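1. Next one to model:
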Amino acid sequence: MSSTTPAERRVQAMSLPPLDDADAIAITAFLDTIWAENGLAQQTLDSYRRDLEGLARWRDGAGLADADRTALYDYLAWRAREGYSPRSNARLLSALRAFYAFRVRRGQRQDDPTALLAPPKLPRSLPKALAESQIDALLNTPDLDTPLGLRDRAMLELMYAAGLRVSELVNLPATALNLRQGVLRVMGKGSKERLVPLGEEAQHWLERYLAQSRPQLAGKRARAPLFIEASGEAPTRQAFWHLVKRYAVLAGIDPAKISPHGLRHSFATHLLNHGADLRALQMLLGHSSLSTTQIYTLVAREHLKKLHARHHPRG
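-> Residues are numbered from 1 along each chain as shown. Here you go, the predicted structure:
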């Protein structure tokens, strides 16, 4: 099996033949339709586009729309040899199934070549949550004497208090926040809206940010995003990722063991550890299925086992 790195695979992907015009038209028609019918998030649509274009270019003009099951097997086998992860291949298969189901539904082909393709087995990895003491250290790291430091504190507090996804956090409009009622209106995956309570600490830091920091960052410009950079624009997901890593180092936390999504995991795990109801947690996280939320019960169970082993006389 090839030991190519993700960076090497990106270079390799760029060296593939250009996208055929017919394939480009077929992919765009598919994406436009599922966006109109299902309201999928832009991030999901972008992932579908990358995956479909990857197969189309790999086939080098042989045609994406008419690929048979053997061609899909060969492509998946090639990806496995190149070191693509099972999770990446599972996402690809999801895109292919949606694309060919669309073609069949439109009467543009008779069969679905993905019908007998089994998804790769995914390793079950538990979400990694920080200890509550580590969260405290992280939240206390930003320099509150600077506008960006105060903004960062408010962002970190809100991320942890509301269990937001990174894309949800950086794309929040100022109108999503209702400080009087203490709730946040969040637009999640699939354009599904949910209301999330803020909590006193997050509300306190948001009030300070809005009163002291945001006016300095925005100046006289009217800005729609809740959180803004010195340029007046919303921060990117990548910028927030670097921000979390930088504050982790200052807080004495191994940056390899923390990510923005880890704050969401910590939110869920700490709520369960303190007796939260699983169904309520599902609503707060914006999960469409309870089974997605249930993995946090395993994290909480592991936490209890460690407590028992550490403190029970016969642990």
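
2. From here on, just use CA atoms for contacts and neighbour counts.
-> Fine.

3. Around Gln238, how many other residues sit close by?
-> 11 (other C-alpha atoms under 10 Å).

4. Remind me which helix or strand it belongs to.
-> Gln238 belongs to helix 237-250 when assigned by DSSP states H and E.

5. quick one: contacts of that helix?
-> 138, 141-142, 166-167, 170, 254-255, 258-260 (C-alpha atoms under 8 Å, 6 or more residues apart in numbering).

6. quick one: contacts for His261?
-> 165-166.

7. Extract the C-alpha trace of the helix holding Gln238 and format it as CSV.
-> C-alpha atoms of helix 237-250 as CSV (Å, rounded to 0.1, in the frame of the first residue of the first chain):
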residue,chain,number,x,y,z
ARG,A,237,-12.6,28.4,10.3
GLN,A,238,-8.9,28.1,9.7
ALA,A,239,-8.2,31.4,11.6
PHE,A,240,-10.2,30.1,14.6
TRP,A,241,-8.4,26.8,14.4
HIS,A,242,-5.0,28.6,14.7
LEU,A,243,-6.5,30.7,17.5
VAL,A,244,-7.4,27.7,19.6
LYS,A,245,-4.0,26.1,19.0
ARG,A,246,-2.2,29.2,20.1
TYR,A,247,-4.2,29.6,23.3
ALA,A,248,-3.8,25.9,24.0
VAL,A,249,0.0,26.4,24.1
LEU,A,250,-0.3,29.4,26.4
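
8. Tell me the buried residues in it?
-> Neighbour-count burial for helix 237-250 flags 237, 240, 243-248, 250 (criterion: 16 or more other C-alpha atoms under 10 Å).

9. Stretch 90-104 too?
-> Counting neighbours by 16+ other C-alpha under 10 Å, the buried set in stretch 90-104 is 90-93, 95-103.

10. Pick the one among those closest to Arg185.
-> Nearest to Arg185 among these is Arg91, at 28.5 Å by C-alpha to C-alpha.

11. CA atoms of the strand or helix carrying that closest one as PDB?
-> Using DSSP H and E, the element containing Arg91 is helix 86-105. Output in PDB follows, covering the C-alpha atoms of helix 86-105 (Å, rounded to 0.1, in the frame of the first residue of the first chain):
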ATOM      1  CA  PRO A  86     -11.900   4.800   5.400                       C
ATOM      2  CA  ARG A  87     -13.800   7.900   6.500                       C
ATOM      3  CA  SER A  88     -12.800   9.700   3.400                       C
ATOM      4  CA  ASN A  89     -13.900   6.800   1.200                       C
ATOM      5  CA  ALA A  90     -17.200   6.500   3.100                       C
ATOM      6  CA  ARG A  91     -17.900  10.200   2.400                       C
ATOM      7  CA  LEU A  92     -17.100   9.600  -1.300                       C
ATOM      8  CA  LEU A  93     -19.500   6.700  -1.400                       C
ATOM      9  CA  SER A  94     -22.200   8.800   0.100                       C
ATOM     10  CA  ALA A  95     -21.700  11.400  -2.700                       C
ATOM     11  CA  LEU A  96     -21.700   8.700  -5.400                       C
ATOM     12  CA  ARG A  97     -24.900   7.200  -4.100                       C
ATOM     13  CA  ALA A  98     -26.700  10.500  -4.100                       C
ATOM     14  CA  PHE A  99     -25.400  11.300  -7.600                       C
ATOM     15  CA  TYR A 100     -26.400   8.100  -9.200                       C
ATOM     16  CA  ALA A 101     -29.800   7.900  -7.400                       C
ATOM     17  CA  PHE A 102     -30.400  11.400  -8.900                       C
ATOM     18  CA  ARG A 103     -29.500  10.100 -12.400                       C
ATOM     19  CA  VAL A 104     -31.900   7.100 -12.000                       C
ATOM     20  CA  ARG A 105     -34.700   9.300 -10.700                       C
END
